[in-house]
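In: Just a sequence and a predicted model for now, questions to come.
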Amino acid sequence: MSSETGGKKMIKVKQVNHTFLIGKKGKEKKVPVLKGLSFEVEKGEIVAIIGKSGSGKSTLLHTIAGFMSPEQGSITVNGQETANLNETERAAFRLNNFGFIFQNFQLMPGLTAFENVELPLKLKGISAKQRKASVKQMMDKVGLTEVGDHYPNELSGGQQQRVSIARALITNPPILFADEPTGSLDSETEQDILLLIQNLNQTLGVTFVMITHDEEVASIAHRTFKMRDGELVKGDLQ
Amino acid sequence: MLFKDQVDFVRQHIKKNKLRVFMTILAATMGCAFLIVLASIGFGIQDTMRKEILQDQAITQVEVFPSENEELNLKEIKAVPFIGAIVQRTSMDTMTSFHFEDRMMSGDLRLTDMKEEEQSNLKLSEGRLPKNESEIIVGYHFAKNLWTDAERIKVEEGVEEADLPKGYEKSIIGKEVSLSLQPYESDGAFPERWDFTVVGVMENPAKDWIVDSSILMDESWLPKLTAAYEANGEQVPEIYTNTKIYTSSLEHVKSVTKDLKDMGYNVFSVSEQLEQIDVFFMAFKIGLIFVGTIAILISSIGIFNTMTMAVTERTREIGVMKAIGASPKLIERLFLMESAWIGIIGTLLAIVISYAVSFLANWLLPLVVGAALGEDEFSDLSITFSLIPWQLVLLASAMSIGVAMISGWRPARKATKIDVIQALRQEL
């Protein structure tokens, strides 16, 4: 594996535990969702985390991405311990290091495809002129040249996911998280998107962390972690 | 995020909810305009009253009277800083008649120091101030009251005001008039006559009903006039002196009034009157502004609702923005900008509307009131019903925009607290 990828540890997850409180206030029940998880992801890898619904894979992704803090354990991403960062620092860290691909695309309905892709660059405070050039280049790369001025509701599912991928990659982040990236797509479009992810991984060297319940999607990964009841199931590491 | 992009972002969101934002702006406009127009009535009436006072007398004039059995110490008064002129007009308790051609009139003779009159900026409607003893200036209605014997008899028999004789209708400037004196208890005038040249006519008094037939001549005439009484074996009449002090400028009226009061004199000046009026209107205006502020506060409820709706509607979008790296401060700023925008546009519209309402009120109300009272003259009166000074605009703008931002602050804070995971789970 190290020969295919950069060998640098991009993500280090160490003894991460997390518990949800479920039920009425005062009568909450503690439900452990992450139980002492530890693993590492190398630079340039495509890693798939698979598991059934409720296995804790989404919670793991949200924890690594900094949407929530784990109760215990440490997460180091690109050399930075993320658990110690405050809200503002986390937002800045996400902007500079992460790209996100969501199952239901999560595009801004009031913005065109071009403007959706442009959004992270706006957040970074990049000038309009530079943005225009970068977005145009990215749109070409993901095959959306013709639909830049279309609104999300005027695009097909596959096109929307391409916009989502372009938006995730526009800031050149070292890590890209994909939460069920093909969950809302038909099988033909799914293949297109998977090919695109593989292609981008190879050409740009981006590290992909994918969450899926689909074995076929996981097949493009260099390594697959299987989760069951908040734990990584031993023996499933490829 | 660049400021321009932030503005674009806010603009896009406002465009999406045009009607709702328009209605909120309308509420903000009405609240702010109500405050400005209401307070402008206070400013307008105050302005009218101030003008009324100021047109009655010279602004820099301070009247001073000695206490009983005391006299004015002019030397002491002259030492008070910022005194421009001390005008002492002396009058005699006697009948004074002025003759011109076949016309005659009885007027109030006043003897004064012309240099002091000049320094007090005595205003003339025509002509100039006297340069020597034989020159005099006369009141605005002097020539009109120069009647012939026939005209006087007609007036004494009784005529309507409109039928009063017009008097001497040409310019009296440069004409020679003669003065004669007659004690009240005497049957005839003294044989002495003194000739004078009229060189100036004083201004028309501000009050329409005042008839100014006075004559101002140099004070050096006083001994000559009193000598005539002695020569004719009559007792010298009572002589009255009225003293008016003129300060060098308006801002010194207050200090001069205070200094003279401290000296123990009875003093009356325009600043005294204005001060009382200003205190009353200050309280009046604060009351009006307070009522107007309630309107602004009511409109702020609209802004709060609009912004809360905006945050609720955009929960998923806010979640996505936070997920891809928007800081909580940026999210908060974007919503504050939106509520400030509503406040600013509402305030700008309110200012325009307020000036329009104020202009209309000042133009229309005198006509309406005049028509209602059936008096045509009323419509000509310059009454300011509404006046909007820049300070009022500034105060109302600050309050309106400030309240708009405060209203938007809580929804904006709520936006920053939106949980990314929950937001992303929301249905499209």
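Out: Okay, I see it. Residues are numbered from 1 along each chain as shown, chains lettered A, B, ... in the order given.

In: Could you use CA atoms for every contact and neighbour count after this?
Out: OK.

In: who's in contact with the closest residue to chain A within the stretch 1-150 of chain B?
Out: Residue nearest to chain A within the stretch 1-150 of chain B: B:M1 (4.1 Å; C-alpha to the nearest C-alpha). Contacts of B:M1 were listed using C-alpha atoms under 8 Å, 6 or more residues apart in numbering or on different chains, and they are A:122-126, B:330.

In: hmm, try it at 7 Å
Out: A:122-125 (C-alpha atoms under 7 Å, 6 or more residues apart in numbering or on different chains).

In: Now for those residues, which sits with the most neighbours around it?
Out: Neighbour counts for these peak at A:L123, which has 20 neighbours (criterion: other C-alpha atoms under 10 Å in any protein chain shown).

In: The residue nearest to that residue when sequence neighbours are not counted in helix, strand or coil?
Out: Nearest residue to A:L123, sequence neighbours excluded (C-alpha to C-alpha, 6 or more residues apart in numbering or on different chains): B:M1, at 4.5 Å. Classification of B:M1 by DSSP: H, G, I helix; E, B strand; the rest coil places it in coil.

In: Which residues of chain B lie near chain A?
Out: Chain B comes close to chain A at residues B:1-2, B:5, B:317, B:320, B:322, B:324-328, B:420-421, as judged by C-alpha under 7 Å from any C-alpha of the partner chain.

In: Would you mind giving both backbone torsions of the closest residue to B:N232 other than its chain neighbours?
Out: Residue nearest to B:N232 in three dimensions, not counting chain neighbours: B:F190, with 7.2 Å by C-alpha to C-alpha, 6+ apart. Main-chain dihedrals, B:F190, degrees, to the nearest 10: phi -60, psi 150.

In: Count the residues that sit near B:F190.
Out: By the measure other C-alpha under 10 Å, the count of residues near B:F190 is 16.

In: In the longest helix seen in chain A, which residues are buried?
Out: The longest helix of chain A (DSSP state H) is helix A:187-204. Neighbour-count burial for helix A:187-204 flags A:189-190, A:193-194, A:196-198, A:200-202 (criterion: 16 or more other C-alpha atoms under 10 Å in any protein chain shown).

In: Remind me which helix or strand the spatially most central residue of chain A belongs to.
Out: Centroid-nearest residue in chain A, with C-alpha atoms, centre = their mean: A:F177, separated by 1.1 Å. Assigned by DSSP states H and E, A:F177 falls within strand A:175-179.

In: Now B:P328. Nearest residue, chain neighbours left out?
Out: Closest to B:P328 by C-alpha to C-alpha, 6+ apart is B:T416, at 4.9 Å.

In: and that neighbour, what is it in contact with?
Out: Neighbouring residues of B:T416 by C-alpha under 7 Å, 6+ apart: B:328, B:331-332.

In: Can you add neighbour count and secondary structure and give these back as a markdown table?
Out: Shown next, in a markdown table, are those (neighbours: other C-alpha atoms under 10 Å in any protein chain shown; DSSP: H, G, I helix; E, B strand; the rest coil):
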| residue | neighbour count | secondary structure |
| --- | --- | --- |
| B:P328 | 21 | helix |
| B:I331 | 21 | helix |
| B:E332 | 20 | helix |
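
In: Reformat those as a markdown table; add pLDDT.
Out: What follows is those, written out as a markdown table (pLDDT from 0 to 100):
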| residue | pLDDT |
| --- | --- |
| B:P328 | 92 |
| B:I331 | 92 |
| B:E332 | 93 |
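
In: Where does the stretch 251-400 of chain B get nearest to chain A, which residue?
Out: B:G325 (4.2 Å).

In: so when I look at that residue, I'm seeing a helix, right?
Out: No: under the criterion used here (three-state DSSP), B:G325 is coil, not part of a helix.

In: tell me, how many neighbours does it end up with?
Out: Neighbour number of B:G325 under other C-alpha under 10 Å is 24.

In: Next, give phi and psi for it.
Out: Torsion angles, degrees, to the nearest 10, at B:G325: phi 120, psi 10.

In: hang on, the earlier thing: identify the residues contacting the residue nearest to B:N232.
Out: By C-alpha under 7 Å, 6+ apart, the contact set of B:F190 is B:180-182.

In: Of those residues - the most surrounded one?
Out: Going by other C-alpha under 10 Å, B:L181 tops these with 21 neighbours.

In: Under a three-state scheme, what state does it occupy?
Out: Under three-state DSSP, the three-state class of B:L181 is strand.

In: how near is B:E313 to A:E45?
Out: As judged by C-alpha to C-alpha, to the nearest Å, B:E313 and A:E45 stand 38 Å apart.

In: Who has more neighbours out of those two?
Out: With neighbours defined as other C-alpha under 10 Å, B:E313 and A:E45 compare such that A:E45 has more, 26 against 11.

In: Hmm, the more buried one is touching A:M210, no?
Out: No: with contacts counted by C-alpha atoms under 7 Å, A:E45 stays clear of A:M210, the gap being 10.6 Å.

In: Please give me every residue in contact with B:A326.
Out: Counting by C-alpha under 7 Å, 6+ apart, B:A326 touches A:91, A:123.

In: tell me the pLDDT at the residue nearest to B:P328?
Out: Predicted confidence (pLDDT) for B:T416: 90.

In: Mind telling me what element B:D208 is part of?
Out: Assigned by DSSP H and E, B:D208 falls outside every helix and strand.

In: what separates it from B:L122, distance-wise?
Out: Distance from B:D208 to B:L122, by C-alpha to C-alpha: 19 Å.
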